[in-house]
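> Provided below are the primary sequence and the corresponding predicted coordinates.
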Amino acid sequence: MRVDPCFFCGRPSWPSKGITFMRNDGKSFRFCRSKCHKNFKMKRNPRKLKWTKAYRKNAGKEMTVDTTLMFAARRNVPVRYDRELVAKTLKAMERITEIRARRERVFYKKRMAGKKAREVAAARKLVAENEHLLPRLRGSEKRRLAELAAEQGVSVEELEREELANSTIRSKKSGKAFGGEVRRLRVRTDGGVEEITDSFGGQTDEGGEEDDDDEDDDDDDMDMD
């Protein structure tokens with residue numbers, strides 16, 4: 001059974017599956033699916049599409065030089081059927097697949113080494129560039145933290161970070177939303193719990209619409225005048 005690679009993306013194209021295109025000069029093109037066939041007809045370059053094997057090889061995301069890849073090369077040498085040879089071939093295929101998977105894992109670990117450090121460096125750079133958008137402490141709070149740091153023998157920056165984190169947690173637990181809104185929980189008769197947002201100016205019903213009692217009272221006063 002011959003499994004040809006897809007001409008566009010490089011995936012295996014199994015027998016009786018995919019699409020075969022025969023050009024006028026006699027050259028055949030094997031595609032694993034209609035997506036690759038359509039991109040081929042649109043004359044797109046596989047090296048510029050991120051989901052193809054050609055792009056991954058050029059970007060250094062695939063193993064290009066490895067001895068296990070030679071076993072997947074196309075061979076057209078006819079061999080007389082031998083039962084023992086078939087059994088050995090199947091065992092060799094399983095062993096080669098196992099070795100290739102292990103080497104791919106090692107290759108991935110080496111390729112992704114240092115990614116966490118790069119992400120942390122990028123995050124610190126973003127914070128340093130947009131430091132003016134971070135929340136600030138009051139002068140009295142800074143003086144109190146400076147005195148506390150002098151007593152405990154720790155840095156002021158650490159205490160400031162802890163204070164900002166604690167203030168964020170307290171604001172989340174308080175239930176306040178935005179500006180003049182407060183969130184509260186209501187227990188329904190069926191045992192369920194729903195969250196309701198109330199504004200300081202007027203109460204909201206279950207649908208989130210404000211009551212118009214104040215507006216009606218104002219209209220009545222104007223009519224009486």
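Done, it's in.

> quick one, strands of this protein?
For the chain, the strands defined by DSSP state E cover 4-5, 12-13, 19-22, 28-31, 181-187, 193-199.

> TSV please, covering those strands and showing distance to A128.
Yep, even glycine has a C-beta here, placed from its N, CA and C like the rest. Putting the strands of the chain into TSV (distance: least, C-beta to C-beta, whole Å) gives the following:
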stretch	distance to A128
strand 4-5	47
strand 12-13	48
strand 19-22	53
strand 28-31	49
strand 181-187	33
strand 193-199	36
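
> do you know which of these lies nearest E163?
Between E163 and those, the shortest gap by C-beta to C-beta is with strand 181-187, which sits at 24.3 Å.

> tell me the mean pLDDT for that closest one?
On average, the pLDDT along strand 181-187 is 70.

> same check, this time on stretch 134-144
Stretch 134-144 shows a mean pLDDT of 72.

> hang on, the earlier thing: any chance of TSV for the strands of the chain, columns mean neighbour count?
Putting the strands of the chain into TSV (neighbours: other C-beta atoms under 10 Å) gives the following:
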stretch	mean neighbour count
strand 4-5	16
strand 12-13	17
strand 19-22	12
strand 28-31	17
strand 181-187	11
strand 193-199	12
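
> looking at the ones you listed, which is nearest to G153?
Evaluated with C-beta to C-beta, these place strand 181-187 nearest to G153, the distance being 40.8 Å.

> now do the contacts for the residue nearest in space to the middle of the chain.
Residue closest to the mean C-alpha point of the chain, counted by C-alpha atoms, centre = their mean, is E119 at 13.9 Å. Taking C-beta atoms under 8 Å, 6 or more residues apart in numbering as the criterion, E119 is in contact with no other residue.

> max-length helix in the protein?
With residue count as the measure and DSSP state H as the assignment, the chain has helix 83-111 as its longest helix.

> and it, what's buried?
Neighbour-count burial for helix 83-111, with 16 or more other C-beta atoms under 10 Å as criterion, is recorded at 96, 100.

> sorry, back to before: between the strands of the chain, which one is closest to T67.
When those are compared by C-beta to C-beta, strand 4-5 sits nearest T67, at 18.3 Å.

> hmm, who's touching that closest one?
Contacting residues not belonging to strand 4-5 are listed as 11-13, 30, 53, 74 [C-beta under 8 Å, 6+ apart].

> please repeat the previous calculation with a cut-off of 6 Å.
Taking contacts as C-beta atoms under 6 Å, 6 or more residues apart in numbering, the residues outside strand 4-5 that touch it are 13, 30.

> which strands border that strand, and is each parallel or antiparallel?
Strand 4-5 sits in its sheet next to strand 12-13 (antiparallel), going by DSSP bridges.

> pLDDT wise, what is the residue nearest to the centre of the chain at?
Reading off the model, E119 has pLDDT 91.

> ditto for the one 3 residues further on
At A122, the model reports a pLDDT of 92.

> so what's the gap between stretch 19-30 and the chain middle?
Relative to the centre of its chain, stretch 19-30 is centred 39 Å away, using C-alpha atoms, centre = their mean, to the nearest Å.
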